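[1] okay, sequence plus prediction incoming.
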Amino acid sequence: LVGVFTSSLAKTVSYKTAYLLGKFGHPIKDFWNQIKRWSWAFSFVSTAIWLLAIPLIANFFNETDLIPFLLFTPFWTFSFVGSVNQGFISGNLKFGALSVIAFLEAASKLLLAILLVELGFADLVYAAIPASLAVSFIIAWIVSSRTKAETAQEEERPQLNFPRGFFATSFLTKLSSIAF
């Protein structure tokens, strides 16, 4: 279900970023900065809820070791903020960078899983998931940060609002595809 939310968020950021690029002829980083701040706050709240819920989740799964749940904790930050970064990259039509990010995420996940198994840590192989998300997060952050953009002028500011309707439609479409 987290994927439904993050996928919808990435599509919404991509849509709005592409709209601003087309309307003004240059990337507008102000929208990315605004949504990025919101996603950081949301990821911190999600992480806190996750940390508080770990004992309950461990009890539900009859797991005495909390390490698997703690290792999965960075997933919340990397997925929420990472989806904003990748949406910004997509909306600015940097598809080559997106392909490199997708490849490196998958390759790092595979290589880390192999490395953990070969080193005798097969019971920690799931740590490759948040680690690979960290790799894609860092690369997307670098690409987004280095995107040459202009600051929005005063007349452009009203158009920086988050498109809630588009997000809701994207979210419900994704959710309904899972339900059916």
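    Ah, there it is.
[2] only C-alpha atoms from now on, for both contacts and neighbour counts.
    Noted.
[3] hmm, who's touching stretch 96-108?
    With Cα atoms under 8 Å, 6 or more residues apart in numbering as the test, stretch 96-108 has contacts from 86, 89-90, 128, 131-133, 135-136, 139-140, 143.
[4] what about that stretch, average pLDDT?
    Summarised as a single mean, pLDDT over stretch 96-108 is 96.
[5] buried residues in the longest helix along the chain?
    Using DSSP state H, we find that the single longest helix of the chain is helix 29-60. Within helix 29-60, the residues that count as buried by 16 or more other Cα atoms under 10 Å are 29-32, 35-36, 39-40, 42-43, 46-47, 50, 54-55, 58.
[6] wait, which of those residues is closest to N161?
    Set against N161, the nearest of those by Cα to Cα is F31 (7.7 Å).
[7] quick check: closest non-adjacent residue to the closest one.
    What sits nearest to F31 in space, not counting adjacent residues and going by Cα to Cα, 6 or more residues apart in numbering, is L160, at 5.4 Å.
[8] over to the one you found: give its phi and psi.
    phi -90, psi 10 (degrees, to the nearest 10).
[9] against P68, how distant is L124?
    7 Å (Cα to Cα, to the nearest Å).
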